[in-house]
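**Student:** requesting a structural model of the entry that follows:
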Amino acid sequence: MAFAASLAELQAEASCPICLDYLRDPVTIACGHNFCSSCIHQRWKDLQGTFPCPVCLYHCPDRSLERNTQLCYMTEIFQQIPTSGSQRKMQEEIPLCGKHHEVLTLFCETSLELLCPQCKGSLDPPDQPLIPIEEAAASQRGMLKRHIGTLTNSLESDETVYKKQVANTWEVKRKMEKWREELDYECNELKFLLERERDEIDNDLPIEENDVEEKLIENGKQISYHMFRLNILLSEIEEKCLQTGLGLLTGIESIHNSYGNIETPAVFSYELKRSCCLPPHYLGLHKMIRTFQVDLTLDPETAHPSLIILRDRKSVIYRTSFGFHNPQALTSYPAVLSSEGFDAGRHFWVVNIGGTGKWSLGVCKDSFPRNTLSPSSPSNGCWTHTFGPSSIGQGKIGVFLDYELGEVSFYNLKTCSLLYGVTATFTGKLMPYFSIASSEPLTTSIIRV
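**Tutor:** Now for the predicted structure:
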């Protein structure tokens, strides 16, 4: 008995895990497992980058194969060892049909059952497809291997989502800390208005933080458990693929049922809602931006020759040398108009200023004289305001046009305060106006907030 068992173990070691036959021209891969040279080449035929071991799934870095000469000799010797009938019986027990006590030689693809020849006459319905065990094993093995690929991809996807949810937990903490810092800054700027509100806001933030954090952690646990189940099923299928035809087909239905019942848990997504009970005029500015902000682009045809319009048509830079003169360009001051104009409604746009020079923002009529040296003023249809380092320095300026009310307002978005406002009666189309009022280094960009 001990000899027969040892002989069976030696047979397994001398067999290829892919074709399950004796090793032919055996080679060893990076993880140490041995395969027929032709089998492993066929398995890796269409792969790129990394090459997984069919047994342990270790990712080999390349196709390097080392011929195992000693194992080749051992396999040849083992094939010459005579095997007695009793030993063959111990190596492979042939199961019999429980109803007819005959050898199981057929497989039903509909019911996924092993059958003997006599079972064929008692099928219901009688026209169920029956195929030989060898053919069925090859078909089912191919199906299981496809399951392995699907499960592996699903597991990798779940691992990515799990890591992202773990990272999201820390992201929530980071955002909360950032918002606390912003809240402290706002409270210092508006201390006389916010002393009664600060404690209430600071108490609400941890509640929202804990709630989102708990949901992320719980969702992470669900994904982790799902990954655990996938790993178990993956191991069962891999183990089943290494068995002989009869062993592979025995109990195959339960594996198909488990695979078919896999249900990936839903991924919890969150959106933190910032709620601050700030004064109405403060919240009103943010609401104006969200409601009325427009996306503007600069019109190169109207650009003064000393201005460079960047490719995105969102930014303009001042230069000292003059370029080609366009008849439609503004020549009175280094300025440029937007491609978009407005003859009704409310509109908000934001300009980011970088540099040390002065600049002017506002609106002007589409009929504003462009080829004269007339300065921009309400008398010739241009309503602007000039800013510079002495006013707010670098930062974001918001411009709000209320056409029907006849107002143009300028806001410092850093302090959320009104800087300046002009009133007039508007007629015709108004074009957003951008001017660099000095030769100091300066960049003006239209942005969205």
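**Student:** and residue 399, that one's in a strand?
**Tutor:** Yes: counting by DSSP: H, G, I helix; E, B strand; the rest coil, one finds residue 399 located in a strand.
**Student:** report the contact partners of it.
**Tutor:** Contact analysis of residue 399 by C-beta atoms under 8 Å, 6 or more residues apart in numbering lists 348, 349, 350, 351, 361, 362, 363, 408, 409, 410, 411, 432. For the C-beta atoms, the positions are set from N, CA and C on the backbone; glycine is no exception.
**Student:** which one of those sits closest to residue 98?
**Tutor:** Residue 98 has its nearest neighbour among those in residue 350, at 79.7 Å by C-beta to C-beta.
**Student:** which of the three states applies to that closest one?
**Tutor:** Strictly by three-state DSSP, residue 350 counts as strand.
**Student:** burial check on it, number of neighbours?
**Tutor:** Neighbourhood size, residue 350 [other C-beta atoms under 10 Å]: 19.
**Student:** check what pLDDT it gets.
**Tutor:** Here the pLDDT value assigned to residue 350 is 91.
**Student:** and the strands in the stretch 151-300 of the chain?
**Tutor:** With DSSP state E, counting those that start in this stretch, there are no strands along the stretch 151-300 of the chain.
**Student:** ranges for the helices of it?
**Tutor:** Per DSSP state H, counting those that start in this stretch, the stretch 151-300 of the chain carries helices over the ranges 191-241, 245-249, 252-260, 280-292.
**Student:** nearest to residue 308, out of those helices?
**Tutor:** Evaluated with C-beta to C-beta, those place helix 280-292 nearest to residue 308, the distance being 28.1 Å.
**Student:** still on that earlier bit, using TSV, please lay out the helices of the stretch 151-300 of the chain together with distance to residue 180, mean neighbour count and mean pLDDT.
**Tutor:** Output for these, formatted as TSV (distance: least, C-beta to C-beta, whole Å; neighbours: other C-beta atoms under 10 Å; pLDDT from 0 to 100):
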stretch	distance to residue 180	mean neighbour count	mean pLDDT
helix 191-241	7	15	83
helix 245-249	60	19	86
helix 252-260	48	14	86
helix 280-292	18	13	72
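**Student:** and these: which comes nearest residue 136?
**Tutor:** helix 245-249 (6.2 Å).
**Student:** ok, back up a step: pick the one among the contacts of residue 399 closest to residue 149.
**Tutor:** residue 350 (49.7 Å).
**Student:** export the contacts of residue 399 as TSV, with columns for distance to residue 212.
**Tutor:** Output for these, formatted as TSV (distance: C-beta to C-beta, whole Å):
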residue	distance to residue 212
348	31
349	33
350	30
351	35
361	40
362	43
363	43
408	41
409	37
410	38
411	32
432	40
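**Student:** what sits against the residue nearest to residue 95 when sequence neighbours are not counted?
**Tutor:** Once flanking residues are discounted, residue 95 sits nearest to residue 104: 5.7 Å by C-beta to C-beta, 6 or more residues apart in numbering. The contact partners of residue 104, taken as C-beta under 8 Å, 6+ apart, are 94, 95, 96, 97, 114, 115, 116, 133, 246.
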